[in-house]
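> Got a predicted structure here, sequence first:
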Amino acid sequence: AQKITQTQPGMFVQEKEAVTLDCTYDTSDQSYGLFWYKQPSSGEMIFLIYQGSYDEQNATEGRYSLNFQKARKSANLVISASQLGDSAMYFCAMREAIIQGAQKLVFGQGTRLTINP
Amino acid sequence: DSGVTQTPKHLITATGQRVTLRCSPRSGDLSVYWYQQSLDQGLQFLIQYYNGEERAKGNILERFSAQQFPDLHSELNLSSLELGDSALYFCASSVGMDRNTIYFGEGSWLTVV
């Protein structure tokens, strides 16, 4: 079974600093996908970024980038120039094929990020 | 705004009761998923539908059932509710069956008292 590990329960960062949220994964699949989601205190789950296992370039979306190190099985999220609005829970997730034509996301436990002014 | 719409946003009900959570997927998405988020279990996959057909089941209790209608909206029915069913229930959608990005709604907060 696939597993996602986020080892940082909480992180505190000064505004405008860059921050890296760690994520390691375990899978025996050759083809897989990795996601990061943001969950503010309001509860919604916001898609941030996606990395496919065969993608040669690290994914980037605005201030978000994914540091994908396949050999180390890590997919860390990097947020550049952090803002107060980045304070939230962040989840790393991996797509798991259940059967052909079905998928689910396996989530890590999350990292609570707090940006200090 | 992800484009996935869930109602109601908040719901308080008593033990033993039955509730229905409703979801409209993003325009053009054929797959709908239901997830449960609780403090002790984290985020758990419940079930996936694709174009009206059930595709996969996860940790969904027998007291829970879901369906996807011809207009692609979905409903999650929770019956004989217990205190432990209190959680945030997410609907999510994607274009295809698999290998697609999954977008979540804002969730429905269920409190069972």
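Noted; the coordinates are in hand.
> who touches residue B:14 in this structure?
Applying CB atoms under 8 Å, 6 or more residues apart in numbering or on different chains, we find residue B:14 in contact with B:81, B:112, B:113. From N, CA and C alone the C-beta is placed, and that goes for glycine too.
> Relative to residue A:90, which of these is nearest.
Proximity of the contacts of residue B:14 to residue A:90 (CB to CB) peaks at residue B:112, which lies at 28.2 Å.
> hey, what's that closest one bridged with?
Beta bridges link residue B:112 to residue B:13 when assigned by DSSP bridges.
> how close does it get to residue B:91?
19 Å (CB to CB, to the nearest Å).
> Looking at these two, which has the bigger crowd around it?
Using other CB atoms under 10 Å in any protein chain shown as the criterion, residue B:112 and residue B:91 rank with residue B:91 on top: 29 against 19.
> where along chain A do the strands fall?
A:3-5, A:10-14, A:19-21, A:24-26, A:33-39, A:46-52, A:60-61, A:64-69, A:74-79, A:88-99, A:102-107, A:111-116 (DSSP state E).
> mean confidence score for the fourth one?
Mean pLDDT, strand A:24-26: 96.
> again, but for stretch A:69-78
Per-residue scores along stretch A:69-78 average to 96.
> quick one: terminal-to-terminal distance for that stretch?
13 Å (CA to CA, to the nearest Å).
> confidence score at the residue of chain A positioned farthest from its centre?
In chain A, the greatest distance from the average C-alpha position (CA atoms, centre = their mean) is reached by residue A:100, at 24.8 Å. pLDDT recorded at residue A:100 is 78.
> check contacts around the closest residue in space to it that isn't next to it in sequence.
Leaving aside its chain neighbours, residue A:100 sits nearest to residue B:98 (7.6 Å; criterion: CB to CB, 6 or more residues apart in numbering or on different chains). Residue B:98 makes contacts with A:95, A:97, A:100, A:101, A:102, A:103, as judged by CB under 8 Å, 6+ apart.
> Contact partners for residue A:48?
Neighbours of residue A:48 in contact, by CB under 8 Å, 6+ apart: A:35, A:36, A:37, A:38, A:61, A:64, A:77, A:90.
> Compare the residues you listed and tell me which has the most neighbours.
Most surrounded of the contacts of residue A:48: other CB under 10 Å gives residue A:77, at 27 neighbours.
> ok, that one to residue A:51 distance?
Note on residue A:77: its distance to residue A:51, by CB to CB, is 10 Å.
> who touches both of these two?
residue A:66.
> Get me the contact residues on chain A for chain B.
Residues of chain A that fall close to chain B, judged by CB under 8 Å from any CB of the partner chain: A:33, A:35, A:37, A:42-47, A:50, A:91, A:93, A:95, A:97-107, A:109-110.
> try 6 Å this time
Contact residues (CB under 6 Å from any CB of the partner chain) of chain A with chain B: A:43-45, A:47, A:50, A:97-98, A:101-104, A:107, A:109.
> Pipe the residues you listed into CSV and attach distance to residue B:87 and neighbour count per row.
Shown next, in CSV, are the residues of chain A next to chain B (distance: CB to CB, whole Å; neighbours: other CB atoms under 10 Å in any protein chain shown):
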residue, distance to residue B:87, neighbour count
A:43, 11, 16
A:44, 15, 21
A:45, 13, 26
A:47, 21, 17
A:50, 26, 18
A:97, 26, 18
A:98, 22, 15
A:101, 27, 15
A:102, 23, 20
A:103, 22, 24
A:104, 17, 26
A:107, 14, 21
A:109, 16, 15
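> Any idea how many residues pack against residue 85?
Let's take chain A. By the measure other CB under 10 Å, the count of residues near residue A:85 is 9.
> look at chain B instead
Count around residue B:85 with other CB under 10 Å applied: 21.
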